[in-house]
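Peer 1: Structure for this input, please:
(chains A and B)
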Amino acid sequence: MKLKMAFIIALVLLFFHQVFSQIDIKYEKYSLLNGLQVILHVDRSVPLVTTNIWYHVGAAREKPGRTGFAHLFEHLMYEGSENVPDGRYDEIVDGSGGLNNGSTGNDRTNYWTLVPKNYLEPVLWLEADRMGFLLNAITQERLDLQRDVVKNERRQIYENQPYGLANVKLVEALYPPGSPYHWLPIGSQEDLDAASLEDVKEFFRQYYGPNNASLCIGGDIDVEETKILVDKYFGDIPPVPEIPKPNPLAHSLNEAKRIVLEDKVELPRLYIYYLSTLNFADDDAALDILGQILSDGKNSRLYKSLVYEKQIAQEVYVFQYGQELTGYFGLVVTGKPDQPLKQLEDEIYKEIDKIITNGVSDRELQRAKNGLRASFIYRLQQLGGFGSKTDQLNYYNIFLGNPEKFNYDLDRYQKVTKEDIIKTASKYLKVAGRVILSVVPTGKLDLQAGG
Amino acid sequence: MKIILNTIIMLVLFVGILNAQTFFVNQNIDRSQEPKPGKLFSMELPKIERAKLKNGLNILIVEHRELPVVQLQLVIKTGAEGDPKGKAGLANLTADMLDEGTKKRSALQIADDLDFIGASVSTSANFDGSLGSLLTLKEHLSSAMDIFSDIILNPKFPQSEFDRLKNELLTDLLAQKVRPDIIATNIFNQKLFGSEHPYSQNLDGNEESVSNINIEDVKIFYHTYYSPNNASLIVVGDITKNEAIKMAEKYFGKWKKKDVVLPIVKKPEGESEPRIYIVHKEDAPQSQIRVGNIGIERNNTDFHAVNILNQILGASNGRLFLNLREAKGYTYGAYAYFAMMRYPGPFLAYAGVKTDVTDSSIIEFMKEINRVRDELVPEDEFEMYKTAVIQRLPRVFETPAQIAGQLMAIELFNLPEDYFSTLIEKYKRITREDIRYIANKYLHPEIITIVVVGDKNAIKEKIERLGYGRVIICDEKGKE
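Peer 2: Residues are numbered from 1 along each chain as shown, chains lettered A, B, ... in the order given. Next comes the predicted model:
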């Protein structure tokens, strides 16, 4: 029996080795004198190039009363810079047949383009100009206009969307008012209104420089030519003052906070958020896998029990959200029409307790790991854009200081044991401190999960 | 001057740490000069290999060896256009039921087996076809194919799983009732196509139509249309032509062909006057606007020109976006497109706008529609949009899933063998005059249909004052 087990392990190891060698992403990393980190990745399978810039700044570097700046900046970055007239950015990138987009998180903002390979130089010119020469182009008028667009975004994605305000309420309750994670990147309408031109410029001067950025260029490129172009356009952009490395936050939550939100929805939804741990911290991978075991696929614990068998829930979603300085573990269950959330809450605790008492099966754990590994590889199919391989190289580079962390990242999931699952479940989910949010259809407060 | 100064300061700053690692070029570049793109390169679109099994199943293969991954796309050439009257959503529900149990595997087992090898299967339907896709690591290809072919060929359609799925779908439809964007599009299609036409319906159907569907309907839809001679199998990825054919033969060779009678879709009645429908949403901070008319079918010879028109009017740097978002700040985004399917689909322009600028936004929509009909697109602008349409081609052939998606169009619409090789030439030949001509041919302000979902009390009077057409109040189901 033991022998057979050893044989299986050997096979599995062999198998991993094989897969690892297949996803060896080749790249070259170097830095300019102004501190800009550059990652070049050659992929000639299609005549495209992608630029992907991460700034190591997000909503968690904003100040209370001045929220939403990092995201507002994301918008202003597309409105022209000193040498690029308003609208020219989109004319060039979209006009090339390419794509571009940006996103703002708590800890980083990213900006990418995906264009035909003959557009590399115009795109580098655009990206460099808005990295180094944006401020003088931001006028009161442009600020006001983009503020309006952002407020429309807030209306559309948050206020006018079912459950849209849930996450706003959740992080407000989970993190104390002084915490930089107390708000979402979208910010508040009041803060956006209160932002002066000078406030916005000051934020830029602090964070948006080459020494706080990582530029990844991928695709059908000539490495030497690309280096010369990068030097030409980015080499003389002055760095921003050194940014002190922020320390992880020691948040605590000692009680169960219950919130209820009446919303224009048809289905009641229950959110339970626990404080957990940082991205890449010790228990982060085990919590990720725990989330999968609870909610990914028909055979996951909560899906199978609540959606498939009892049919009292419409969908479940469980996730570990490890951020740079803090993290939380979320369970989100949408009930069937008029389903009391109390019952869903009880069922969730029951399933968590079952895992803590009886553990998980080998197959459950391996299924989660295999799924993760496959999705790692699938993600590499895309050269540019959110979640693509160039985005991934920058992600590792910004948060781990090294773009080649694919294997390390995969490995930390493969190392998770059945004991780790039990341990993390009881460490993070068997505590009093949590936020329980009930979102119920207007007028149906009786559906909320009570105390 | 400032730039040069910066460069000097930088050099001074870093002179101490200059080392061999970094090569620093001191170039005094003139940033005010926009660099021009390099020369347009030739594009090679992927080489498509073809085969056909004895049972009539078409096989299309593209080798793509970048990663150890294989993407399969099975296309049944009948989709929601085959939904019987009153049973909208049937094609979708049928596709959904495929992986809910086969003769040898239960629903849970199918999911477990697939999840265990990290393979992902999805099944769905659009108006033109019913689709099953499989994405798997190459090393698990045979296990994945064993399950994938099983769900396509041997679905058992268990009553209990059907009841669960139907209930889930009805619950989804209920949940959508609070989505103003979905309501707006549903009402728009309903008003545009009239209740007889399949395009008047949402692919998911509505509460009433889904309630009408029973398991027998699913079985009938499946047995009527799911047949190898009404299907194509697209294989893209880390696989050779021979491997792919052998695999198709092994897993789909025993699929029996039969006579398939394709559904007949009648022409919709069409409109005779412009109308504006308002669906009331108490206190809505935004109004969802839909504007359009019936457009063209996918096989129309004006396809290429219309695609450029889509770009001019509706892309994310198109005229509507630049006007309503960038110039006016009314919205987070405004877009438009002609949906080209087997039969003429909608031309649809849309946005969610601030409530107090609902009427002004409608004015801008109509202004842009009229402008592209009345005026030639300026040369520069036209070239930019046309170039974008041509040069985006490599981007839509990047991943195996994208390539499979492109090949799907060839199969669904019987496009000619040389379709991809002649595509660029056809786009290049389009002129500004062509655009004005087709804008007049296919955009119809005189019979335009407008739907607004928003707060009636805040918008109705202002919309009536526009004088664009009859204003009709209707409920969320479209009842007037």
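
Peer 1: quick one: low-confidence parts of chain B?
Peer 2: B:1-27 (pLDDT under 70).

Peer 1: how does it look with 50?
Peer 2: Applying pLDDT under 50 to chain B picks out residues B:1-26.

Peer 1: For the residue in it positioned nearest to chain A, give me its contacts.
Peer 2: As assessed by CB to the nearest CB, chain A sits closest to B:Gly118 within chain B, at 2.6 Å. Every C-beta, even on glycine, is put in place using the N, C-alpha and C of the backbone. By CB atoms under 8 Å, 6 or more residues apart in numbering or on different chains, the contact list for B:Gly118 reads A:370-375, B:136-137, B:140.

Peer 1: Just the ones in strands from those, please.
Peer 2: B:136-137 (DSSP state E).

Peer 1: give me the number of residues near the nearest residue to A:Lys264 once chain neighbours are set aside?
Peer 2: Once flanking residues are discounted, A:Lys264 sits nearest to B:Val178: 5.0 Å by CB to CB, 6 or more residues apart in numbering or on different chains. Look at B:Val178: counted by other CB atoms under 10 Å in any protein chain shown, it has 21 neighbours.

Peer 1: Could you list the domains of chain A?
Peer 2: What automatic domain parsing lists as the domains of chain A is A:26-234, A:256-447.

Peer 1: State the three-state secondary structure for the residue most central in space within chain B.
Peer 2: With distances taken as CA atoms, centre = their mean, B:Ala339 lies nearest the centre of chain B, 7.9 Å away. Following DSSP: H, G, I helix; E, B strand; the rest coil, we place B:Ala339 in the strand state.

Peer 1: ok, it touching B:Leu348?
Peer 2: Yes. Applying CB atoms under 8 Å, one finds B:Ala339 in contact with B:Leu348, separated by 6.8 Å.

Peer 1: Might you report the residue contacts of the closest residue to B:Val260 other than its chain neighbours?
Peer 2: Leaving aside its chain neighbours, B:Val260 sits nearest to B:Asn230 (4.4 Å; criterion: CB to CB, 6+ apart). Each residue near B:Asn230 by CB under 8 Å, 6+ apart is listed here: B:76-78, B:260, B:262.

Peer 1: Tabulate these in a markdown table, adding columns for secondary structure and neighbour count.
Peer 2: Output for the contacts of B:Asn230, formatted as a markdown table (DSSP: H, G, I helix; E, B strand; the rest coil; neighbours: other CB atoms under 10 Å in any protein chain shown):
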| residue | secondary structure | neighbour count |
| --- | --- | --- |
| B:Ile76 | strand | 26 |
| B:Lys77 | coil | 22 |
| B:Thr78 | coil | 27 |
| B:Val260 | coil | 17 |
| B:Leu262 | coil | 13 |
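
Peer 1: Just give me the closest of those residues to A:Arg66.
Peer 2: Relative to A:Arg66, the closest of the contacts of B:Asn230 is B:Ile76; by CB to CB it sits at 55.0 Å.

Peer 1: beta partners for that closest one?
Peer 2: B:Ser130, B:Ala231 (DSSP bridges).

Peer 1: tell me the contacts of B:Ile276?
Peer 2: B:362, B:450-452, B:463, B:468-472.

Peer 1: what do you get for A:Thr50?
Peer 2: Listed by CB under 8 Å, 6+ apart, the contact partners of A:Thr50 are A:112-115, A:216-219, A:383-385, A:388, A:390.
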